[in-house]
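K.L.:
Need coordinates for the following:
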Amino acid sequence: LFPTAPSQPCMAISIDLLAFYWALFECLCDTINALAAALNTHYIHRGFRMTSTEV
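P.N.:
Now for the predicted structure:
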């Protein structure tokens, strides 16, 4: 967790959540596929790979 203040933090933010928001921010130019692309990027960085594009 990442503290929100240098001394006496009252809240902390998950580094994984920050990484997900960064991945979402990178994909915002295409609003239709932004969430899907961000999730794909986030999962790839976490070590998960898509084995097939079929649903």
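
K.L.:
helix or strand for the residue nearest in space to the middle of the chain, which one?
P.N.:
Centroid-nearest residue in the chain, with Cα atoms, centre = their mean: residue 20, separated by 0.9 Å. Assigned by DSSP states H and E, residue 20 belongs to helix 15-26.

K.L.:
outside of that helix, which residues touch it?
P.N.:
Here helix 15-26 makes contact (Cβ atoms under 8 Å, 6 or more residues apart in numbering) with 1-2, 34-35, 38-39, 41-42, 45-46. C-beta here means a position set from N, CA and C on the backbone, and glycine is covered the same way.

K.L.:
buried stuff in it?
P.N.:
Counting neighbours by 16 or more other Cβ atoms under 10 Å, one finds that the buried residues in helix 15-26 are 20, 23-24.

K.L.:
Now the element after it, going C-ward?
P.N.:
helix 34-45.

K.L.:
what distance separates that following helix from the centre of its chain?
P.N.:
7 Å (Cα atoms, centre = their mean, to the nearest Å).

K.L.:
Pass me the low-pLDDT residue ranges in the chain, would you?
P.N.:
1-2, 27, 29-32, 55 (pLDDT under 70).
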